[in-house]
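**Q** Take a look and give me a structure for this.
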Amino acid sequence: MGKLLRINTKEKTFEFEDVSEAYAGLGGRALTSRMILDEVPATCHPLGKFNKLIFSPGLLTGSPAANSGRLSAGGKSPLTGGIKESNAGGYASQKLAKLGITGLVLEDKPEGNDFSIIVINNDGVEILPAGDLAGKGNYAVMESLWEKYGKNVAVLSIGQAGEQCLKGASIQQADMNGRPGRAHGRGGLGAVMGSKKIKAIVVDDKGAPRIEIKDPDAFKAANKRWVDMLKSHPVSGQGLPAFGTAVLVNVINEAGALPTKNFRSGRFEHAQDISGEKMAELIEQRGGITTEGCHPGCVIKCSNVYHDKDGKVLTTGFEYETIWAFGAHTTIHELDDIAMLDRLCDDFGLDTIEMGVTIGIAMEGGMIPWGDGKAAIALLSKVGDYAPEGKIIGNGAGFTGDALGVDRVPVVKNQAFPAYDPRSCKGVGVTYATTPMGADHTAGYGVTANILSVGGTIDPLKKQGNIELSQNLQVATAAIDAAGLCLFIAFAVLDNEDGVQTIVDMLNAKYELKLTPDDVVALGKSILNNEKEFNRRAGFTKIDDQLPEMFKETFPPHNTTWDFTSEELSKTLSF
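**A** Numbers count the residues shown, from 1 in each chain. Okay, here's the model as predicted:
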């Protein structure tokens, strides 16, 4: 059993404590959401001293289980005002697990304006002045910390957006190359870290013992089956490694669900110019890296390193959601401009989905022209300059829409929509409306059965079956997040009868348990119930579980509308 590491950011003190009975057996999202429910007043100010920022490795993290290195970050969201879990790859999850840290909890809030860094290693914990790191972007911060503490240490840091406590602020993690290519992006948790005046967290597991596996032979057998399953699936074993997540650009465009020009159409005439195929072509021409893992032990390897025209690194982890948000949504179709916008987000510490949608709202409001990549770069750069325009857009799509008098703003619970239109992909639309997280595709990825025919086929244009699809996927995703597994394992799990059982077999072998798939489902439901209860206490009602009125418009090319009622959603989505 691991320990909780609590750090008082006001007093600059820390203590290790045993995991209480209430939190026993929990990891990842299961632990962060339960702790937020139990320890954070739901009505507190997200940037105040009563909010907490919690990091937790998953239940399988630190073991040899493939794709188990995801880290959950949780707190009350400055963006939505509700509960938030955001997870990312990188080094931190596995290193915290190997150090025996089940949860890292940042508490209270300093009274001054001086930033600190936290250094965690096998010898203990140090809370040190951030010095000249304050005011710098994540690229410079990570380069400096890798130089000081050694390559391959984990780094979680905030950029200028987090320091300003902007609602779109992310927490970046060092990727496999020491660059800020992995993001706890959604929900503004970077602002929470900034409010606690923590510039960066360094985690070094040198000298730490290996994670204990109670039944090594059983674990080895289950993990072998697990790896085979992931590598043999056409999505996780072929499509994602070849073209990254941007493989979806052409797929979703062809399905008529690629939101274009602020959700006016489902097809983008320049989709081919920003596709995964085009991206891979440019990466190969310029000497980049087409496929790499987001953390050690990843076998899917859908990340990448994208170079500019001069062969220099421009951005890493160049993903579908980012390319859509800064591309089809804004009608920008120069891939290098989109890559620069991605780099700026990583450097300043901003969620690329929120910022891409926000740039589209800025275009909607006449701040810059539609499709002007250079103007978008100049506007986003204002965040790093601490300029007034940067403070507007850095607070997200809803805030920017209010500032510019725009009524066409695609948000739920004030969080911007991801890259699938809910009228042509209704399973994911149900998720946008009902997840406690705000509009979030990862909370219940209905694209699987709606468009990819993974785990069955459900018509994306009709209501039938899509509430149940979203419900089942929300439960499964919560459990996946608790295990520390990558969301993309779901493709293989859904298409293999022994998919869930194999995860259960690994858990049982690691901990010497006797879990069943029903226990995994129960865990997922309990996580969602905790999150819904927090939001209920924070004042959310079924009115918050619906889409904006702009989605009543008929949506080409299929001429569909959003036709679920609030009553239908609220009656069905109870766990």
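**Q** Domains in this structure, by residue range?
**A** What the record gives for the chain is the domain set 3-203, 247-419, from automatic domain parsing.
**Q** Next, format these as JSON lines and append distance to residue 430 and mean neighbour count.
**A** In this view, the C-beta of every residue, glycine as well, is placed from N, C-alpha and C. Below are the domains of the chain laid out as JSON lines (distance: least, CB to CB, whole Å; neighbours: other CB atoms under 10 Å):
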{"stretch": "domain 3-203", "distance to residue 430": "18", "mean neighbour count": "23"}
{"stretch": "domain 247-419", "distance to residue 430": "11", "mean neighbour count": "22"}
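**Q** Among these, single out whichever gets nearest to residue 215.
**A** domain 3-203 (11.7 Å; CB to CB).
**Q** follow-up on the earlier one: export the domains of the chain as JSON lines, with columns for mean pLDDT and distance to residue 484.
**A** As requested, the domains of the chain are exported to JSON lines (pLDDT from 0 to 100; distance: least, CB to CB, whole Å):
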{"stretch": "domain 3-203", "mean pLDDT": "97", "distance to residue 484": "2"}
{"stretch": "domain 247-419", "mean pLDDT": "97", "distance to residue 484": "10"}
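**Q** So in the protein, which helix runs the longest?
**A** Longest helix in the chain by number of residues, with DSSP state H as the criterion: helix 517-537.
**Q** What mean pLDDT does that one get?
**A** Mean per-residue pLDDT for helix 517-537: 97.
**Q** in it, what's buried?
**A** Across helix 517-537, burial judged by 16 or more other CB atoms under 10 Å covers 520-521, 523-532, 534-535.
**Q** out of the residues you listed, who's nearest residue 247?
**A** Out of the buried residues of helix 517-537, the member with the shortest distance to residue 247 (by CB to CB) is residue 524, at 27.4 Å.
**Q** does the closest one really touch residue 475, like I thought?
**A** Yes - shown here, residue 524 and residue 475 form a contact pair, counting by CB atoms under 8 Å, at 3.8 Å.
**Q** follow-up on the earlier one: what are the buried residues along the helix or strand following the longest helix of the chain?
**A** Later in the chain than helix 517-537, the nearest helix or strand by DSSP states H and E is helix 566-572. Neighbour-count burial for helix 566-572 flags 569-570 (criterion: 16+ other CB under 10 Å).
**Q** Do me a favour and average the pLDDT over helix 566-572.
**A** 82.
**Q** and for that helix, what are the contacting residues?
**A** Identification of contacts with helix 566-572 by CB atoms under 8 Å, 6 or more residues apart in numbering yields 430, 433-434, 467-468, 471, 542-543, 545-546.
**Q** Am I right that residue 427 is in contact with residue 472?
**A** No - applying CB under 8 Å, one finds residue 427 not in contact with residue 472, separated by 9.9 Å.
**Q** And the two? Which one has more around it.
**A** Between residue 427 and residue 472, residue 427 has the larger neighbour count (other CB atoms under 10 Å), namely 28 against 18.
**Q** Helix, strand, or coil at that one?
**A** Reducing the assignment at residue 427 to three states with DSSP: H, G, I helix; E, B strand; the rest coil gives helix.
**Q** let's have the chain start at 358 instead
**A** Sure thing, new numbering starts at 358, so read that last one as residue 784.
**Q** Mind jotting down where the helices sit in the stretch 558-707 of the chain?
**A** Per DSSP state H, counting those that start in this stretch, the stretch 558-707 of the chain carries helices over the ranges 573-589, 597-600, 605-611, 633-643, 677-683, 692-705.
**Q** and the residue located most distally from the centre of the chain, what pLDDT?
**A** Within the chain, the residue lying farthest from the chain centre (CA atoms, centre = their mean) is residue 574, at 33.4 Å. Model confidence at residue 574, given as pLDDT, is 97.
**Q** now do residue 601
**A** Value for residue 601, per-residue pLDDT: 89.
**Q** With residue 864 instead?
**A** Reported pLDDT for residue 864: 97.
**Q** tell me the angle of the helix or strand where it lies relative to helix 874-894?
**A** Taking DSSP H and E as the definition, one finds residue 864 inside helix 856-868. With axes from the mean of the first three to the mean of the last three CA atoms, to 10 degrees applied, the angle from helix 856-868 to helix 874-894 works out at 90 degrees.
**Q** on contacts alone, who are the packing partners of helix 856-868?
**A** helix 573-589, helix 846-851, helix 874-894 (3 or more CB pairs under 8 Å, 6 or more residues apart in numbering; DSSP states H and E).
**Q** Take those and lay them out in TSV including distance to residue 759.
**A** Below are the helices and strands packed on helix 856-868 laid out as TSV (distance: least, CB to CB, whole Å):
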stretch	distance to residue 759
helix 573-589	44
helix 846-851	36
helix 874-894	22
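**Q** among those helices, which is nearest residue 361?
**A** Among the helices and strands packed on helix 856-868, helix 874-894 sits nearest to residue 361 (CB to CB), with 17.3 Å.
**Q** could you dump the closest one to PDB, C-alpha only?
**A** Output of helix 874-894 as PDB, limited to C-alpha atoms (Å, rounded to 0.1, in the frame of the first residue of the first chain):
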ATOM      1  CA  PRO A 874     -15.400  -7.700 -14.600                       C
ATOM      2  CA  ASP A 875     -18.400  -6.800 -12.600                       C
ATOM      3  CA  ASP A 876     -16.100  -5.200 -10.000                       C
ATOM      4  CA  VAL A 877     -14.600  -3.000 -12.700                       C
ATOM      5  CA  VAL A 878     -18.000  -1.800 -13.800                       C
ATOM      6  CA  ALA A 879     -18.900  -1.100 -10.200                       C
ATOM      7  CA  LEU A 880     -15.700   1.000  -9.800                       C
ATOM      8  CA  GLY A 881     -16.500   3.000 -12.900                       C
ATOM      9  CA  LYS A 882     -20.000   3.700 -11.600                       C
ATOM     10  CA  SER A 883     -18.800   4.700  -8.200                       C
ATOM     11  CA  ILE A 884     -16.400   7.200  -9.800                       C
ATOM     12  CA  LEU A 885     -19.100   8.800 -11.800                       C
ATOM     13  CA  ASN A 886     -21.400   9.000  -8.800                       C
ATOM     14  CA  ASN A 887     -18.700  10.800  -6.800                       C
ATOM     15  CA  GLU A 888     -18.200  13.300  -9.600                       C
ATOM     16  CA  LYS A 889     -21.900  13.900 -10.100                       C
ATOM     17  CA  GLU A 890     -22.400  14.400  -6.300                       C
ATOM     18  CA  PHE A 891     -19.700  17.000  -6.200                       C
ATOM     19  CA  ASN A 892     -21.300  18.900  -9.100                       C
ATOM     20  CA  ARG A 893     -24.700  18.600  -7.400                       C
ATOM     21  CA  ARG A 894     -23.200  20.200  -4.300                       C
END
